[in-house]
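A.B. asks: Need the 3D shape of this:
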Amino acid sequence: MARFDDLHEVKGGCVPISFLVLGPIENNVYLIDDGAGGVIVVDPSCEPDLIMDALAGRPISALFVTHQHWDHVGALRALVDRTGAAVYASRIDAPTIESGQADRHSPERIPPCRVDHKLSDGESVTVGMLTWRCILTPGHTKGSMCLLAETGTRPGSPVLISGDTLFQASIGRVDFEGGSMTDMRASLRKLSKLPDDTIVLPGHMGTTTIGAERHRVIEALM
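C.D. replies: Reported below is the predicted structural model:
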């Protein structure tokens, strides 16, 4: 069972958020309270048993996938099989998730998994009491997406799930298949329009804000 000290809390956001750091390249797996008794699980990297233990009996109301890379979907199929929860991913990356994949960095083939909701840029989805807006952010993969909650279940800053688009003091790699620095710059321009206090939940490393990354990353790459 996940220990209390396995879970990290994100403070200051408009919704309660905790996360686990899992896998060989230390992926952040976010657990977001949907305000209606369920939990949104973001980018389930691996160790489905540990993720289930961390839920402490609460149901998974949705599985959000920011992009199709193996280290963000390794436990996806297992969680779907156990819970039947709906999967949300971009329309562009969904075919790879649904066909399964082998990756030279992964110890085994990632099994195929259905995608129930295939999102396009600007589309909004509601899970529990939360509404999220899809922001398509190609650059790391062609179908990378961020998800933005501008308001939530408590007073606090907007929350952006950034996947591997924007990190603390860095951006996602653009040298993988489907990556593009030109696309990444265009995606960062989109994110630069968000309020400075927007809390950024990246796929790796620590949480940050749009304001912090505007000065040390986004403007430097424009």
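
A.B. asks: For stretch 33-47, list every residue counted as buried.
C.D. replies: 33-35, 38-47 (16 or more other CB atoms under 10 Å). (C-beta placed from N, C-alpha, C; glycine too.)

A.B. asks: before we move on, what about stretch 17-29?
C.D. replies: Neighbour counts over stretch 17-29 (16+ other CB under 10 Å) mark 17, 18, 19, 20, 22, 23, 27, 28, 29 as buried.

A.B. asks: among the residues you listed, which are in helices?
C.D. replies: Among these, no member falls in helices (criterion: DSSP state H).

A.B. asks: Looking at those residues, which is nearest residue 153?
C.D. replies: Within those, the smallest distance to residue 153 is 11.1 Å, found for residue 17 (CB to CB).

A.B. asks: before we move on, back to that, from the buried residues of stretch 17-29, which shows the smallest pLDDT?
C.D. replies: Least confident of the buried residues of stretch 17-29 in the model: residue 23, at 93.

A.B. asks: contacting residues for that residue?
C.D. replies: Counting by CB atoms under 8 Å, 6 or more residues apart in numbering, residue 23 makes contact with 45, 46, 47, 71, 74.

A.B. asks: so can I have JSON lines of these showing secondary structure?
C.D. replies: Shown next, in JSON lines, are the contacts of residue 23 (DSSP: H, G, I helix; E, B strand; the rest coil):
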{"residue": "45", "secondary structure": "coil"}
{"residue": "46", "secondary structure": "coil"}
{"residue": "47", "secondary structure": "coil"}
{"residue": "71", "secondary structure": "helix"}
{"residue": "74", "secondary structure": "coil"}
